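> Pasting a predicted model and its sequence here:
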Amino acid sequence: MNAIAIAQLLAQVLGIAQGIAQTQQAAASENRDVTDAELDAHRQALSQARDQVLADLAAGN
Amino acid sequence: MDPQVEAVPFYRSPVFLMIVTALLTRAAVALPILSQWVGLTSTTISTYSGAVILAVGGAFDWFALRARKNSKLQPLTLTQAKADAKNTGQSGFIEPRAACGLALIAFGLLTACATLFPTGAQTFNEKLDAAIQTDKGVYQIADTLYVAKIISKADTQNVVAQADNLTAALDVARSLHATDPTAGQSKLDTTVLAVNALLAYLNSRQPAGAPTK
């Protein structure tokens, strides 16, 4: 495992925690629930992450 | 000094910097909780649990940071000049297994933090959002591990297949919740456990190599 891979892994794990915290904080600050639009946006980001791993698998990286 | 030991300035040690980053990130993640405490808007057990987890993780990071700072294996110096003064002139990689271990500890703690932090989620949508973002992280981490040749293509494909099933389950939970909230919540709770288990599996994978420093 090289330093770049470790840094990427850390960034991704941090991204999970920060993404969740930011969404909840935004909702809490406006005294509302997480909206369908936010769910749709994050669902779309999930699909993009899936597309990326499939692309790397297909490319044989 | 051991001839295999070479000092480096602190800013050239990824492990040291990662630990600092972990500490800073925990502080950032803890801010919403501290804000809630100050505003007295939430006193739920889950919120306190999240804070305790963060505090314990932060303590681990602090001790790891102290251990690395005080390590005799590869002393850290403030400047390159001081490092040069300490070195014997021979170079080499220093304790890659130890460095790798520290990196894995930091990675594991952060993964645990990311997995457990959604305990702060209260509503169905909050929990669903946390699960979606964690599931997205599974794809991203699997991709990174695959590209870095830490896990095989077959293993990556298997993880992706499992993540696909979990994604579908999250979609089902969302649509089900619209007509039957209880069933939707149950489906979501079950899926969250599976997503966290898949993330924990990725975290458990041992690296094929070692950090350069």
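Nice, thanks for sending it over.

> what about residue 19, helix or strand, and which?
Defaulting to chain A. Mapping residue A:19 onto the secondary structure by DSSP states H and E places it in helix A:3-29.

> Sorry, I should have been clearer: chain B.
helix B:14-39.

> where does chain B have low pLDDT?
Low-confidence regions of chain B, defined here as pLDDT under 70, cover residues B:1-5, B:11-14, B:17-18, B:20-21, B:24-25, B:27-64, B:66-67, B:70-73, B:88-121, B:205-213.

> And the strands in it?
Ranges of strands in chain B, per DSSP state E, are B:8-9, B:76-77.

> quick one: buried residues of stretch B:173-184?
Neighbour counts using 16 or more other CB atoms under 10 Å in any protein chain shown place B:173-174, B:176-177, B:184 of stretch B:173-184 among the buried residues. C-betas here are computed from N, CA, C, even on glycine.

> Looking at those, which is nearest chain A?
Within the set of the buried residues of stretch B:173-184, residue B:174 lies nearest chain A; the separation is 7.2 Å, counting by CB to the nearest CB.

> Show the contacting residues for the closest one.
Taking CB atoms under 8 Å, 6 or more residues apart in numbering or on different chains as the criterion, residue B:174 is in contact with A:39, B:128, B:184.

> one more time with 10 Å
Taking CB atoms under 10 Å, 6 or more residues apart in numbering or on different chains as the definition of contact, the neighbours of residue B:174 are A:36, A:39, A:43, B:124-125, B:128, B:131-132, B:184, B:187-188.

> do the same with residue B:186
Residues in contact with residue B:186, defined by CB under 10 Å, 6+ apart, are B:173, B:176-177, B:180.

> Count the neighbours of residue B:87 for me.
Burial measure for residue B:87: 17 neighbouring residues, criterion other CB atoms under 10 Å in any protein chain shown.

> Which among the strands of chain B is found nearest to residue B:146?
Taking CB to CB as the measure, the strands of chain B were each checked against residue B:146, and strand B:8-9 came out nearest at 30.3 Å.

> Can you pull out the low-pLDDT segments for chain A?
Within chain A, the stretches with pLDDT under 70 are A:1-3, A:61.

> Cross the contacts of residue B:174 against helices and list the overlap.
Using DSSP state H, the subset of the contacts of residue B:174 located in helices is A:36, A:39, A:43, B:124-125, B:128, B:131-132, B:184, B:187-188.

> where exactly do the helices run in chain B?
Using DSSP H, the helices of chain B run over B:14-39, B:45-70, B:80-86, B:96-116, B:124-147, B:153-179, B:181-204.

> All set, thanks.
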